[in-house]
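In: need the 3D shape of this:
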Amino acid sequence: MRKFDSRRHFLIGGLAVLAAPALIRSAEAQSFTGEIDDGPREQVRHNVMGFRTQEWRDHFQNLRRGAIVCDTKSRALHYWSEDQSVYRLYPTSVPMTDEFTRLGYTEIVLKRRDPVWIPTPNMRERDPSLPERVEAGPENPMGTRAMNLSWQYYRIHGIDNTAKIGRRASNGCIGLFNHHVEELFEMADVGTQVRFI
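Out: Got it, this is the predicted structure:
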């Protein structure tokens, strides 16, 4: 019996080793392109394989106008369409401190293409060197699309620096790769439910 158990564990372990690269490639292809470097190796925890599974029923009573969960722990955004035919998972940047992190329910109230970025009064107070506004373009911290939430100054938007994805790097907003926020922008409507957890 012991010999059989050892052989079985060897076979299962071997299959897992053979399958792992394909599973990782599959997950990367479904989630994002690009690499996330989150600092020293011992601190790298929130990569593509670190995303936590979310079920919309754990957060919402229905999918009226679709639903979004912004998971600030695993640094991922989950989207479900109203008819449940579409589910997307995107890596994100998240607020840099607990002080900037707001949790709870909100919704999309405005969608903007090529947004202008205007730093909040608190941001300008902390860093007076910030410009008063940044027009649309590659230097714009909001990237190519922005979705304003019902909470003042909170947005889901693109990003000017892709190194921020997977990191605690924002003043409260959720940042996505521009190609991901452009896809989400087309699917999510004004009125889409959003929960930050």
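
In: helices of the chain, start to end?
Out: Taking DSSP state H, the helices of the chain run over residues 2-31, 121-126, 178-187.

In: rank these by pLDDT, which is bottom?
Out: Ranked by mean pLDDT, those end with helix 2-31 at the bottom, a mean of 37.

In: and the residue nearest the centre of this structure?
Out: Thr92 (2.9 Å; Cα atoms, centre = their mean).

In: what about Val86, distance to Lys73?
Out: Val86 sits 24 Å away from Lys73, going by Cβ to Cβ, to the nearest Å. For glycine as for every other residue, the C-beta is placed from the backbone atoms N, C-alpha and C.

In: output the contacting helices and strands for whichever strand in the chain runs longest.
Out: Once the chain is assigned using DSSP state E, the strand that runs over the most residues is strand 104-113. Strand 104-113 is packed against strand 145-149, strand 193-196, with contacts defined by 3 or more Cβ pairs under 8 Å, 6 or more residues apart in numbering; DSSP states H and E.

In: what pairs with that strand, parallel or antiparallel?
Out: strand 145-149 (antiparallel), strand 193-196 (antiparallel) (DSSP bridges).

In: nearest to Phe60, out of these?
Out: Phe60 lies closest, by Cβ to Cβ, to one member of the strands paired with strand 104-113: strand 193-196, at 5.7 Å.

In: contacts for that closest one next, please.
Out: Residues from elsewhere that reach strand 193-196, judged by Cβ atoms under 8 Å, 6 or more residues apart in numbering: 59-60, 64-70, 72, 101-108, 149, 156, 174.

In: filter those residues to the buried ones?
Out: 59-60, 66-70, 72, 106-108, 149, 156, 174 (16 or more other Cβ atoms under 10 Å).
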